[in-house]
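Visitor: generate coordinates for the sequence data below:
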Amino acid sequence: MVTALGGLCSPGAAAQAASDSAATLGVSVARFYRASAGKTLFEIFARIPFVTLDPLPGEGAGASYRVAFTVRDSSGLQLLDQSWAQQVPRRLLTVAGGSTVEHVSFAAVPGRYGLEVVVTDSATGRVARSTTAITAFTTGPGASDLLLTTGMRAAEGADTTPRSGEIRKGSTLLQSSGATVLTPRQAQLGYYVELYAAKAESISLGVRVLRPDGGQVVAVPARPVALPVGGGKQQEMLDLAGLPPGRYALEVKAAGPDSTITRTAEFGMTGFETERAADAVVAAPPPSRFDAMNEAQLDSAYDPLIYLMRSEEQGIYSGLTVESKRRFLRQFWAKRDPTPGTAANQDLDDFYRHIDEANRRFREGGASETPGWRTDRGRIFIKYGEPDDKLQRPQAGSTAPYEVWKYTRTRELIFVFLDQTRFGNYSLIYTNDRREVSRPDWADLLGPEAVKDVQRF
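Guide: The predicted model follows:
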């Protein structure tokens, strides 16, 4: 989820915009041509106004919703079906004209398709729906659609993972919501456009800001651009500080020897009044645990979830893109949030706290070091927490070290761990927990005196 203060309207238009946005979702699409595959890549954005959401029951609870993206071809065949759950902190629900943005990417061969976006409010069951016809390029176009951005950075070095709200275009990461609105303090507007050329040529690239009536507000002097065979991307950040509140369009015009191509995209500018109101409500919202993680960190957060996963959740994660992995983890924990709509997820926090503690206490050495969460003791600790009683027997004579853990909170559970290696590598050999496996020779492994010791415990 990208919480978009960019969904705010200028003060004069806030009331009308809130009324309009209550009835419909805002869906926008930017298309990019991939000549090697003969396909069009669609970047699809859905703006979800906060006025369409109700807070969940409970003091301080925020809102929760499920968003679903579906694409079908002209015969009705379903080509895309993605859905996930998201949450909105309660403080954001009061932001006039505020919204959040969801995004998916989809590639298709030439043709006409039906896009449907459905948002279901968890508190009321109310459904907001938008259907849009989208068309893939039939032949190579002169240019892609124009994609606006409020932030642009190079993907280089170790920092190549898209952050929350970013999408990747080649070596560039763009902060884009499909419904760009600037503020007096965030008045930088960027654009990204791909120009496709069958032959090398020189063009002139001009940029203008236009009012809704087409009148020119700002003009950037045209600059020469040399396009190689196949074309190339054009991107630029513009400083629009001082632009009055209102709705505008950014126009990019590429004029070549044989043709002129124009692409436009709408954006808005808020006033200080709206910005101050947003600041008062949104001050420093807590980030998601997964937002700033790179792919290796996401994988490390995913691996221990095998202890919690249902069968239908297994086998999905490894084939996902980095952003989809991040979304998988958010969705996984949203399903397991005991207080949906609030900023904290106690179960998530407890789980990863147990992971950290298991790694600290139960790490095992040997030929290949094993992190604590992967060990038998770590697994039981993560599932049940600290035992109510513990019996620890270090090595004495010919008897290998062993530990007995007992839980008595609901029903009595016993776990017996034996260190056959005598190097601190404890294995579970006996338990009365039906979800775990005991070794049939556990008593022989312990020896008669140790078995009596366990039975007395």
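
Visitor: where does this structure dip in pLDDT?
Guide: 1-23, 157-159, 272-287, 341-343, 366-368, 396-397 (pLDDT under 70).

Visitor: can you give the domain ranges for it?
Guide: 2-282, 295-456 (automatic domain parsing).

Visitor: now the helices for the stretch 351-457 of the chain?
Guide: Along the stretch 351-457 of the chain, counting by DSSP state H, counting those that start in this stretch, helices occupy 376-384, 442-446, 448-456.

Visitor: ok, back up a step: and the domains of the chain, which is most packed in?
Guide: Mean neighbours per residue, mean count of other Cβ atoms under 10 Å, is largest over the domains of the chain for domain 2-282, with a mean of 17. Placement of C-beta: from N, CA and C, glycine included.

Visitor: ok, residues contacting the helix or strand harbouring residue 69?
Guide: Per DSSP states H and E, residue 69 falls inside strand 63-72. With Cβ atoms under 8 Å, 6 or more residues apart in numbering as the contact definition, strand 63-72 has outside contacts at 44, 46, 48, 50, 53-56, 78-88, 90, 93, 102, 104, 106, 108, 113-123, 134, 334, 340-341.

Visitor: re earlier: can I get the domains of the chain in JSON lines with distance to residue 289?
Guide: Shown next, in JSON lines, are those (distance: least, Cβ to Cβ, whole Å):
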{"stretch": "domain 2-282", "distance to residue 289": "11"}
{"stretch": "domain 295-456", "distance to residue 289": "7"}
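
Visitor: what's near enough to touch the nearest residue in space to residue 230 that is not next to it in sequence?
Guide: Spatial nearest neighbour of residue 230, excluding adjacent residues (Cβ to Cβ, 6 or more residues apart in numbering): residue 197 at 6.5 Å. The contact partners of residue 197, by Cβ under 8 Å, 6+ apart, come to 227, 228, 229, 230, 231, 232.

Visitor: on that earlier part again, run the chain-centre distance for the strand holding residue 69.
Guide: 14 Å (Cα atoms, centre = their mean, to the nearest Å).

Visitor: what do you get for stretch 259-276?
Guide: 25 Å.

Visitor: same thing with stretch 298-307?
Guide: Counting by Cα atoms, centre = their mean, stretch 298-307 comes out at 16 Å from the chain centroid.

Visitor: what do you get for stretch 116-126?
Guide: With Cα atoms, centre = their mean, you get 19 Å for stretch 116-126.

Visitor: hang on, the earlier thing: restricted to helices, list the contacts of strand 63-72.
Guide: If you go by DSSP state H, the contacts of strand 63-72 have residue 334 in helices.

Visitor: narrow the contacts of strand 63-72 to those in strands?
Guide: Of these, the ones assigned to strands by DSSP state E are 44, 46, 48, 78-88, 102, 104, 106, 108, 113-121, 134.

Visitor: gap between the residue nearest to residue 230 and residue 236?
Guide: 19 Å (Cβ to Cβ, to the nearest Å).

Visitor: shouldn't residue 301 be within a strand?
Guide: No. Membership of residue 301 in a strand is not supported by DSSP: H, G, I helix; E, B strand; the rest coil, which gives helix.

Visitor: quick one: contacts for it?
Guide: Counting by Cβ under 8 Å, 6+ apart, residue 301 has contacts 289, 290, 293, 329, 352.

Visitor: for stretch 432-450, list the C-alpha coordinates in PDB.
Guide: C-alpha atoms of stretch 432-450 as PDB (Å, rounded to 0.1, in the frame of the first residue of the first chain):
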ATOM      1  CA  ASN A 432       3.800 -36.200  23.400                       C
ATOM      2  CA  ASP A 433       2.900 -33.500  21.000                       C
ATOM      3  CA  ARG A 434       1.200 -35.200  18.000                       C
ATOM      4  CA  ARG A 435       2.400 -32.500  15.700                       C
ATOM      5  CA  GLU A 436       6.000 -33.500  16.300                       C
ATOM      6  CA  VAL A 437       7.800 -36.800  15.700                       C
ATOM      7  CA  SER A 438       9.500 -38.900  18.300                       C
ATOM      8  CA  ARG A 439      12.300 -41.400  17.600                       C
ATOM      9  CA  PRO A 440      11.200 -45.000  18.300                       C
ATOM     10  CA  ASP A 441      14.500 -45.700  20.000                       C
ATOM     11  CA  TRP A 442      14.500 -42.600  22.200                       C
ATOM     12  CA  ALA A 443      14.700 -44.600  25.400                       C
ATOM     13  CA  ASP A 444      17.700 -46.600  24.200                       C
ATOM     14  CA  LEU A 445      19.400 -43.300  23.200                       C
ATOM     15  CA  LEU A 446      18.900 -41.800  26.700                       C
ATOM     16  CA  GLY A 447      19.600 -44.900  28.700                       C
ATOM     17  CA  PRO A 448      17.600 -46.300  31.600                       C
ATOM     18  CA  GLU A 449      18.700 -43.900  34.300                       C
ATOM     19  CA  ALA A 450      18.000 -40.900  32.100                       C
END
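
Visitor: tell me the SS of residue 338?
Guide: Here residue 338 is recorded as coil under three-state DSSP.

Visitor: quick revisit: which one of the contacts of residue 197 is nearest to residue 143?
Guide: residue 231 (8.3 Å; Cβ to Cβ).

Visitor: before we move on, the earlier item: could you dump the helices of the stretch 351-457 of the chain to CSV with distance to residue 167?
Guide: Output for those, formatted as CSV (distance: least, Cβ to Cβ, whole Å):
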stretch, distance to residue 167
helix 376-384, 35
helix 442-446, 54
helix 448-456, 57
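
Visitor: which among those helices is found nearest to residue 361?
Guide: helix 376-384 (7.6 Å).

Visitor: which secondary structure elements does the closest one contact?
Guide: helix 346-362, strand 402-407, strand 413-418, strand 427-431 (3 or more Cβ pairs under 8 Å, 6 or more residues apart in numbering; DSSP states H and E).

Visitor: now residue 206: closest residue in space, sequence neighbours ignored.
Guide: Nearest one to residue 206, counting by Cβ to Cβ, 6+ apart, is residue 222 at 3.8 Å.

Visitor: separation between the one you found and residue 455?
Guide: Applying Cβ to Cβ, the value for residue 222 to residue 455 is 89 Å.

Visitor: wait, residue 338 sits on residue 348?
Guide: No. Using Cβ atoms under 8 Å, residue 338 is not in contact with residue 348; the gap is 9.7 Å.

Visitor: partners of the strand holding residue 69 in the sheet?
Guide: Partners of strand 63-72 in the sheet, by DSSP bridges, are strand 78-88 (antiparallel), strand 111-121 (antiparallel).

Visitor: among those strands, which is nearest residue 191?
Guide: With respect to residue 191, and counting by Cβ to Cβ, the nearest of these is strand 111-121 at 23.3 Å.

Visitor: show residues contacting the closest one.
Guide: 25, 27, 29, 44, 46, 48, 52-54, 63-74, 79, 126-136.

Visitor: equivalent analysis for stretch 227-239, please.
Guide: 35, 152, 169-170, 172, 187-203, 205, 207, 209, 218, 220, 225, 250, 252, 254.

Visitor: so which of those residues sit within strands?
Guide: 152, 169, 172, 188-195, 201-203, 205, 207, 209, 218, 220, 225, 250, 252, 254.
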